[in-house]
Each structure stands twice: as C-alpha cells, then as structure tokens.
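Trainee: My questions concern the predicted model and sequence given below.
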Amino acid sequence: MMKIRKQDRFFRFLVLFLPFQHFHPFFIQLGYFVILSLVGYLGLKVSKPRTPVIPNDLNLFYTSVSASTVSSMVALEMELFSNSQLILLTLLMFLGGEVFTSMLDLLFATYKFQNRSVISTNQIELGLVSIPDSKSENYHKPSDDSNINDDSDRLKYNCLSYLTFVVLGYLVVVQFVGFSFVSLYITLVPSARQVLKNKGIKIVTFSLFTIVSTFASCGFVPTNENMMVFKKNSGLLLLVLPHILLGNTLYPPCLRLLIMVLKKVTKKEEFSYLLKNFKDVGYDHMLSALHCCLLVVTVLGFNLIQFVMLCSLEWNTKIMEGLNVYEKVVASLFQVTNARHAGESVFDLSSISSAILVLFVVMMYLPPYTTFIPVREHENDVKRNKKSVVECLVLSQLSYLVIFIILICITEGKSLKEDPLNFNVFNITLEVISAYGNVGFSTGYSCARQMKADAMCKDSWVGFSGRWSSKGKFILILVMFFGRLKKLNMKGGKAWNLS
C-alpha cells in the first residue's frame, strides 16, 4: 500500500479514533453548524456592541445561526455591532460557507482514505487477515500487475490532496482579489467612502465582511440598509457581483476550468484523473463538462428571466427613482443575481411588485445546481427498485416547508389577525423560503402598515422575522439549519406516487 508521511501520523491517529466517523453525514454537519453557532453566540455575548443597548440572548443566537448557516436573516440592526463583532461574524460566515465546508469534507476523506490503507496493512502484519497458502487450489500466484491496486490508491490519494489545495487556493485567491478591489474602490470613490465614514465603519472591515459574506452566499452587509445605500455606486456593485456566482451557482464550472488550466500548465496525471473520473473522487461539486455547460446556461437563463421581468415591471417605479439608465441596469442585475441564494438587496423588497416576489420565492427554493438537462448523461449506477424504510418515511423538501409555514402561522396567529398588512401568509412564506434557501431576502416590517397605530412602534432596519415572537424565531432557526443541510435530503419524498 502507499507510504504514509510521518507528519501525517497525527491526522491518521485522529481520524482513526474519531467516534463520529461512522455517523451519517447529516449528523456530522449538523453538529458542526450547531457548535459553530454556539461559539458565535458566546463570542457575540461576551463582546461589547457599538451601542449601549444590549441585545437579548435569542436575537444574538439567531444572528449567530444566521451567519453560520449563511442565511443572513436579520433580527438586529447591523450597525449595532462593534468592529470586533463584525470580524467575528465574518469568521462565522467564512467557516460556514459551502466552499470551505466542502474543503473540510475533502480533508476528512483524504485522511480517512489514508487510514483505511494503513489499517489494511496493519491487519495483514498482525495476522488479522489471513493470506491463502500457496498450495491452496484457490490461490493464484500474483502476476506482474500486482501493484495496480497500490498505484490506483496512490493516484486517488494524490487526487484528493491536490483537489484540497486547489479548493483552498480558489477560496483564498478569489476573496483576496475581491477584498483588494473593493477596498481600493471605496478608498478612491468619495461617495462610497463618505457613507462608511458617516456610519463609523472601517473600510477594511467593510470590504472583508462584504466579500466574505457575498462569496459564502450569506448576504449580510455591515450597513443597516444592506446595499441600498450604495445603489448609485455601480462600480462597487459590479465588483461584488461576480463573487455571488463564484462561490455558489457557478462554482463547479469555475473549479473545472481551473483544473483544466492546471492540467495544461503542470501536465500532472492527477488533474487528468480528476477531469475524467470526477465521480470516483466523491466531491459533489465536481461535475462533468456537459453538466457544467448546462449549469452555466441555466443560471444565465434564470437571471435573464428575472432581469427582464424586474425591468419591465419596475423601470419607472419608486424603487428606481433617482437612477440613470446605466445605474438601473446594474442595480437590477445585482438584485436578480442575489435572488439565487446570496440575499443582498439594492431595492426595498416591500415596494417590489408581488409578481416579482413570487418569482424570487421560486428562485430561492431551487437548489444552487438546478440544471436544465435535455440530454441525459450516461449513468453507470443501476437504480434500485426497492426503497428502505427510512427512504419511505422521509418527506420531500416542500412538505417540510409547508409544515414550518403552518407552525409559524400558529405561533404568529395573533399578529396575523391584528396586523394583516405586515403579517400575512405570503410574507411568512417568503421569509421561510428565504431562510430555507439561505438567502436572506425579507419584506421587512413597517409601522406605517399597521391597522391599529401603535405609539410604541419604531421602524428599524431588521427583517420581517425580527418582529416575530420567540417561538416563531426558534422555528425559523430550525429552518435555517434544515436549509443549510438540504443537499442531504434532496431525494426525500420519493416513496409517494401521485399518478
């Protein structure tokens, strides 16, 4: 079997004895995000906010979960957080992003594969695995090709290692370039620099926070108004916009393109293997060339549909007021691109047409790698006709969302009756789908829309769910966790036959 480097012995020992290595990936990832959220909550709790107002524990935990699961559901005004708290939220978003967690999966798979090989070797050496006697009639003398398995294992191990470094390089370089350009833009453009100066936000903190948030598809921005305050800074929007795609819907095509370039430059066998045998590697973000092309077409097609609808219905409305043609085009393109999981806004969603909001709900519900495939790729896997008991009992994604919406309508029943313009089923549905899709879109809450004026009501820059009861917020926390792990239940509900 392949040789193991001495410096890898610690990792080999660690992975060999980790008790959770035999657990289902769902529980491993759930534990990761729960622990990350709890650590984030404790960090926010012990650090001091910028204002003397101390947020309650539930809102702090809600914010920590929102950052860790990259959901960007806002229960507190962002300008309430101090510089150190913003840095902590940045770290939570970085550690919770899909690209980073997928790199952790690669590291785990690499060392697990490595230790499996070592265990097999040790079992033979200790006599735990019997070797047939050479005189046995069933034993055949090894041929000259006896090292094929060793070479194959070594190649696969190298591929996993190379892919881990490629993903790490992609993660660091893309965000570093984005951070550099955004920092430079704000430094050179007085209008953007003045906004941060008035709000007391450091340029470096804003640039790092925004790029990490965008690349992780979180949607948090250090300003209360999100990106609405930069509506006229088209250059900034264009610098941020690519990171929405590079860290989410177009990550597989970009990763495959990067590996193709590395193969051409380095001539390494491992990169050729990754391109041809991507399924054997077990990395979900490695797709075939055809699948990547169709994914690009699908993403651009969805964006085009949203862009055309938004411009045709909202071009001369209040949300576009004060923008020239170029600024309208860039802002609209930025808004519709964010509807696929990123969640940053340049427009007030409560003022957007209901038809557009329904389209946004559909876009938020769709998984990031939703692809229109008119031609089926060749599949070697034989589909099983029989389903396990667990597969039959697991419900579809839509079924769980309906349950969550019903539960929230029950917990917020009093507000639905007394404040129907703010609390209605559509707004709740949009909030739940947004949390499930880890997007962060929200219609917000307006005191002006109250049927019975409340003198104590004050408008604030928080999401609609920020006005919910504690029970409603807790349910939405469950939705955010569920949405972050939805890829592990994409085949749910297959036992139902609606014909």
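Mentor: Yep, it's here. Here the structure is a predicted model, which is why all the values come from computation and not from measurement.

Trainee: going forward, measure contacts between C-alpha atoms and count neighbours the same way
Mentor: Noted.

Trainee: other SSEs contacting the longest helix belonging to the chain?
Mentor: Counting by DSSP state H, the longest helix found in the chain is helix 148-188. On a contact count with 3 or more Cα pairs under 8 Å, 6 or more residues apart in numbering; DSSP states H and E, helix 148-188 meets helix 98-126, helix 190-199, helix 203-215, helix 234-246, helix 251-266, helix 269-276, helix 278-281.

Trainee: Output the second one as CSV - backbone C-alpha positions only.
Mentor: Extracted as CSV, the C-alpha positions of helix 190-199 are listed here (Å, rounded to 0.1, in the frame of the first residue of the first chain):
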residue,chain,number,x,y,z
PRO,A,190,-15.6,59.8,-2.3
SER,A,191,-19.3,59.0,-2.2
ALA,A,192,-18.8,55.4,-1.1
ARG,A,193,-16.1,56.4,1.4
GLN,A,194,-18.3,59.1,2.9
VAL,A,195,-21.1,56.5,3.5
LEU,A,196,-18.8,54.4,5.7
LYS,A,197,-17.3,57.5,7.4
ASN,A,198,-20.8,58.7,8.4
LYS,A,199,-21.7,55.3,9.8
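
Trainee: Quick one: list the elements packing against that helix.
Mentor: helix 148-188.

Trainee: Okay, angle between the helix it packs on and helix 234-246 too, please.
Mentor: Counting by axes from the mean of the first three to the mean of the last three Cα atoms, to 10 degrees, helix 148-188 lies at 170 degrees to helix 234-246.

Trainee: Can you report the mean pLDDT over the residues of the longest helix of the chain?
Mentor: Rounded to a whole number, the mean pLDDT of helix 148-188 is 88.

Trainee: Next, the angle from that helix to helix 190-199.
Mentor: Going by the same axes, to 10 degrees, helix 148-188 makes 90 degrees with helix 190-199.

Trainee: circling back to that earlier point, deepest-packed of the helices and strands packed on helix 148-188, please.
Mentor: helix 203-215 (a mean of 25; mean count of other Cα atoms under 10 Å).

Trainee: any residues touching that one, and which ones?
Mentor: 70, 83, 86-87, 89-90, 93-94, 97, 175, 178-180, 182-183, 186-187, 193, 196, 219-222, 240, 243-248, 342, 344 (Cα atoms under 8 Å, 6 or more residues apart in numbering).

Trainee: hmm, which of those are the buried ones?
Mentor: 70, 83, 86-87, 89-90, 93-94, 97, 175, 178-179, 182-183, 186, 193, 196, 219-222, 240, 243-248, 342, 344 (16 or more other Cα atoms under 10 Å).

Trainee: Spatially central, which residue of this structure would that be?
Mentor: residue 98 (4.6 Å; Cα atoms, centre = their mean).

Trainee: List the residues that contact that one.
Mentor: 216, 247-248.

Trainee: again, 10 Å this time
Mentor: By Cα atoms under 10 Å, 6 or more residues apart in numbering, the contact set of residue 98 is 69-70, 104, 215-217, 247-248, 251, 285, 484.

Trainee: Do a quick rundown of the helices in the stretch 251-400 of the chain.
Mentor: Assigned by DSSP state H, counting those that start in this stretch, the helices in the stretch 251-400 of the chain fall at 251-266, 269-276, 278-281, 289-314, 325-338, 354-365, 389-393, 397-411.

Trainee: on contacts alone, who are the packing partners of the first one?
Mentor: It refers to helix 251-266. Helices and strands touching helix 251-266, by 3 or more Cα pairs under 10 Å, 6 or more residues apart in numbering; DSSP states H and E, are helix 148-188, helix 234-246, helix 269-276, helix 289-314.

Trainee: Hmm, residue 66 and residue 38 touching each other?
Mentor: No: look at residue 38 against residue 66 with Cα atoms under 10 Å: they stay out of range, at 11.6 Å.

Trainee: out of the two, which sits in the busier spot?
Mentor: Each of residue 38 and residue 66 has its neighbours counted (other Cα atoms under 10 Å); residue 66 has more, 30 against 15.

Trainee: The more buried one and residue 435: what is the separation?
Mentor: 9 Å (Cα to Cα, to the nearest Å).

Trainee: same thing with residue 305?
Mentor: 23 Å.

Trainee: where are the low-confidence patches of this protein?
Mentor: 1-23, 114-151, 374-394, 490-499 (pLDDT under 70).

Trainee: about what we covered before: between the helices of the stretch 251-400 of the chain, which one is closest to residue 423.
Mentor: Among the helices of the stretch 251-400 of the chain, the nearest to residue 423 by Cα to Cα is helix 397-411 (9.2 Å).

Trainee: who touches the following helix or strand past the closest one?
Mentor: The helix or strand immediately downstream of helix 397-411 is helix 413-418, counting by DSSP states H and E. For helix 413-418, contacts defined as Cα under 10 Å, 6+ apart pick out 407, 409-410, 419-425, 428, 450-452, 467-469.

Trainee: What would helix 413-418 look like as PDB? C-alpha coordinates only.
Mentor: This file holds the C-alpha atoms of helix 413-418, laid out as PDB (Å, rounded to 0.1, in the frame of the first residue of the first chain):
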ATOM      1  CA  GLY A 413     -51.700  33.800  14.800                       C
ATOM      2  CA  LYS A 414     -52.500  36.900  17.000                       C
ATOM      3  CA  SER A 415     -50.400  39.200  14.800                       C
ATOM      4  CA  LEU A 416     -52.000  37.700  11.600                       C
ATOM      5  CA  LYS A 417     -55.300  39.000  12.900                       C
ATOM      6  CA  GLU A 418     -54.300  42.300  14.400                       C
END
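
Trainee: Give the buried residues for it.
Mentor: 415-416.

Trainee: OK, contacts around residue 428?
Mentor: Residues near residue 428 by Cα under 10 Å, 6+ apart: 405-406, 408-409, 412, 416, 422, 434, 442-443, 464-465.

Trainee: and with 8 Å instead?
Mentor: Taking Cα under 8 Å, 6+ apart as the test, what residue 428 contacts is 405, 408-409.

Trainee: distance of it from residue 189?
Mentor: Per Cα to Cα, residue 428 is found 39 Å from residue 189.

Trainee: how close does residue 448 get to residue 423?
Mentor: For residue 448 relative to residue 423 (Cα to Cα), the value is 13 Å.

Trainee: between the two, which one's more packed in?
Mentor: The neighbour count for residue 448 versus residue 423, taken as other Cα under 10 Å, is higher for residue 423 (24 against 14).
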